[in-house]
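>>> sequence below, structure please.
(one chain, ligands or ions: 4)
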Amino acid sequence: LEMEQDLRQALAQDQFELAYQPIFSVVTGALTGFEALLRWNHPRRGLVDPSIFVPLTEDSRSIVEIGAFAMRQAVADIAALPGDLKVAVNLSPVQLAFGDIIGTVEAALRDSGLPPERLECEITETALFESEQTSLAVLQRLRDLGVRIVLDDFGTGYSSLSRLRLLPIDKIKIDRSFVLDATEGSASAAIIEAVTVLTGRLGIATVAEGIETEEQWALLARTSCAEAQGFLLGRPLPIAEAAALARAGA
Ligand code: G
Ligand code: G
Ligand code: MN
Ligand code: NA
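Ligands and ions are numbered 1, 2, ... in the order given. Below you'll find the model as predicted:
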């Protein structure tokens, strides 16, 4: 309750910031972009993790305004970097249902000059299935702008592979639970391999998350997965450090 009260002033008091986790090409090892991750810099508690405060902001619907801030900031930050790096921004289903996400994205792209194809909107599989009709219509309109749609945490929800072709998505992010168990010859490794082949046939790209060991990275290189992120490759970084990484790769 105390946290909910504090959250009400957090946006006005500039307490939100973004961390940028680098994403790399599995094939070339080159930096391809960043996932923007929200952080709440609480005056007494310090950095509060989104898994704790995002659900609270969804209940009060303040995620609509906070999410709009994150979208504008992330798009502006990445547009200012050298090269043609992409930025992935997480969207709450509450933003799809109640906010003017289309207007927010249009304004963010217009004000920053970022080409729409360099913006990826991540939505979790579970969220998509919960409020399907509204979400699908909004995702389709985002896609009409030229923005890419990524299905986050893929494999943890009600994934039906055959339904993939019906969803307006460009990429799936293979959940870290598969990567965690992906040792040579494991079932998880077989699933990653099969999913990347199948999505490839459907024209859907793949990114794997949660790469923590050299073994997982090497194993991924033998699948058709195009991109990867994880603590082995790079932690979420403040924008200044993300910019340094971008300049080094440019
Ligand atoms: O950064 P971390 O791994 O702690 O993120 C935890 C969760 O918070 C992830 O599921 C991530 O998708 C979510 N998250 C991070 N940033 C945002 C954001 O800007 N908006 C929404 N809706 N969720 C976010
Ligand atoms: O649900 P979503 O994919 O948006 O969550 C992203 C979260 O995953 C971020 O909070 C980030 O800190 C976390 N994350 C990124 N890489 C790794 C990793 O290699 N291992 C673990 N355990 N978490 C990771
Ligand atoms: Mn994500
Ligand atoms: Na995820």
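>>> what residues sit buried inside the worst-scoring helix or strand of the chain on mean pLDDT?
Of all helical and strand segments in the chain, the minimum by mean pLDDT, DSSP states H and E falls on helix 125-130, at a mean of 77. With burial defined by 16 or more other C-beta atoms under 10 Å, the residues of helix 125-130 counted as buried are 125, 127, 128, 129. (C-beta placed from N, C-alpha, C; glycine too.)
>>> for whatever helix or strand comes next after that helix, give the mean pLDDT please.
The element immediately downstream of helix 125-130 (helix or strand, assigned by DSSP states H and E) is helix 132-144. For helix 132-144, mean pLDDT rounds to 90.
>>> so is the helix or strand just after helix 132-144 next to ligand 4?
Counting by DSSP H and E, the element after helix 132-144 in chain order, helix or strand, is strand 148-154. Yes - Strand 148-154 is in contact with ligand 4 by C-beta under 5 Å from the ion, via 152, 153.
>>> if you count contacts, what does strand 148-154 end up packed against?
If contacts are counted by 3 or more C-beta pairs under 8 Å, 6 or more residues apart in numbering; DSSP states H and E, strand 148-154 sits against strand 86-90, strand 119-124, helix 125-130, helix 132-144, strand 171-174.
>>> give me the mean pLDDT for it.
Mean predicted confidence for strand 148-154 is 95.
>>> that one and ligand 2 in contact?
Yes - residues of strand 148-154 are located near ligand 2 by C-beta under 6 Å from any ligand atom, namely 152, 153.
>>> who touches that strand?
86, 88, 90, 117, 119-126, 128, 139, 142-143, 167-175, 195, 207 (C-beta atoms under 8 Å, 6 or more residues apart in numbering).
>>> pull out the buried positions in that strand.
Those would be 148, 149, 150, 151, 152, 153, 154, for strand 148-154 by 16+ other C-beta under 10 Å.
>>> direction included, what does it pair against?
strand 119-124 (parallel), strand 171-174 (parallel) (DSSP bridges).
>>> among the ones you listed, which is the most enclosed?
Comparing these by mean neighbour count (mean count of other C-beta atoms under 10 Å), strand 171-174 comes out on top with a mean of 26.
>>> could you dump that strand to PDB, C-alpha only?
Extracted in PDB, the C-alpha atoms of strand 171-174 (Å, rounded to 0.1, in the frame of the first residue of the first chain):
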ATOM      1  CA  LYS A 171       9.400 -12.400 -34.000                       C
ATOM      2  CA  ILE A 172       9.200 -14.700 -30.900                       C
ATOM      3  CA  LYS A 173      11.500 -14.500 -27.900                       C
ATOM      4  CA  ILE A 174      12.200 -18.000 -26.600                       C
END
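>>> strands along this protein, start to end?
16-25, 31-42, 46-48, 86-90, 119-124, 148-154, 171-174, 205-208, 227-228 (DSSP state E).
>>> and the first one, average pLDDT?
Model confidence over strand 16-25 averages 98 on the pLDDT scale.
>>> swap in the fifth one?
Taken as a whole, strand 119-124 has a mean pLDDT of 96.
>>> hey, what's the angle from that strand to strand 86-90? Just curious.
With axes from the mean of the first three to the mean of the last three C-alpha atoms, to 10 degrees defining the directions, strand 119-124 sits at 30 degrees from strand 86-90.
>>> does ligand 4 sit close to strand 119-124?
No - Strand 119-124 lies out of reach of ligand 4 by C-beta under 5 Å from the ion, never closer than 7.0 Å.
>>> the shortest one now?
No - when contact is scored as C-beta under 5 Å from the ion, no part of strand 227-228 falls within range of ligand 4; the minimum is 12.5 Å.
>>> what's that strand packed up against?
Going by 3+ C-beta pairs under 8 Å, 6+ apart, strand 227-228 lies up against strand 16-25, strand 205-208.
>>> would you reformat the strands of the chain as CSV and include distance to ligand 3?
Compiled in CSV, the strands of the chain are given as follows (distance: least, C-beta to the ion, whole Å):
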stretch, distance to ligand 3
strand 16-25, 9
strand 31-42, 6
strand 46-48, 18
strand 86-90, 5
strand 119-124, 4
strand 148-154, 4
strand 171-174, 6
strand 205-208, 10
strand 227-228, 13
